[in-house]
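**Student:** Sequence and computational prediction follow.
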Amino acid sequence: MKKMKKSLFTLVLGLLVSIATMAQSNNDRRAERITQQALTKIEASLTLKEEEKKTFEALKKESLFKHFEIADEYKTKDPEMFKQKIKENNEKFNESMFKAFGKARAREIMATMKN
């Protein structure tokens with residue numbers, strides 16, 4: 001009986017770890033896809049240096065992972081808090097863009113993402 005409980009516990013634990021890993025993998029793929037779409041849109045209007053691309057990718061992915069985390073936690077439970085947290089996350093992304101690229105270049109890059 002004890003051996004069966006241990007086996008069942010191990011099976012359930014393995015299943016939970018597997019599901020968590022798969023969810024993280026989906027977020028990784030989503031973030032990569034969205035970031036590449038944004039870069040394609042930006043590069044249709046602007047030329048980014050390789051260093052600028054890498055910096056943008058890192059900042060965008062960080063922002064997206066935070067967005068996914070906020071959505072998982074608040075979107076259905078507390079829509080008002082969700083809106084507030086997303087707004088804060090967007091402001092943090094803008095600030096990090098300003099810090100990384102300078103205000104003028106960051107605005108230029110962000111303006112191409114909106115069009």
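**Tutor:** In hand now; what should we look at? Nothing here was measured: the structure is a model prediction, and the numbers come from that model.

**Student:** Flag the shaky bits of this protein, pLDDT-wise.
**Tutor:** Judged against pLDDT under 70, the low-scoring parts of the chain cover residues 1-24, 115.

**Student:** can you give me the helices for it?
**Tutor:** Assigned helices in the chain, in chain order: 2-43, 50-74, 79-101, 103-114 (criterion: DSSP state H).

**Student:** Any chance of a markdown table for those, columns mean neighbour count?
**Tutor:** In this view, the C-beta of every residue, glycine as well, is placed from N, C-alpha and C. Converted to a markdown table, the helices of the chain look like this (neighbours: other Cβ atoms under 10 Å):
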| stretch | mean neighbour count |
| --- | --- |
| helix 2-43 | 12 |
| helix 50-74 | 16 |
| helix 79-101 | 14 |
| helix 103-114 | 14 |
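
**Student:** Dihedrals phi and psi, Leu46?
**Tutor:** Leu46 adopts backbone torsions of phi -130, psi 160, taken as degrees, to the nearest 10.

**Student:** What count of nearby residues applies to it?
**Tutor:** Applying the criterion other Cβ atoms under 10 Å, we find 13 residues in the vicinity of Leu46.

**Student:** tell me the contacts of it?
**Tutor:** Residues touching Leu46, when contacts are defined by Cβ atoms under 8 Å, 6 or more residues apart in numbering, comprise 108-109, 112.

**Student:** and if you look at Thr76?
**Tutor:** Going by Cβ under 8 Å, 6+ apart, the list of residues near Thr76 is empty.

**Student:** What separation do you get for the closest residue to Asn90 other than its chain neighbours and Thr47?
**Tutor:** In this structure, Asn90 finds its nearest non-sequential neighbour in Ser63, 7.6 Å apart by Cβ to Cβ, 6 or more residues apart in numbering. Taking Cβ to Cβ, to the nearest Å as the measure, Ser63 and Thr47 are separated by 23 Å.

**Student:** And Ala106, by the same measure?
**Tutor:** To Thr47, Ala106 is 16 Å away according to Cβ to Cβ.
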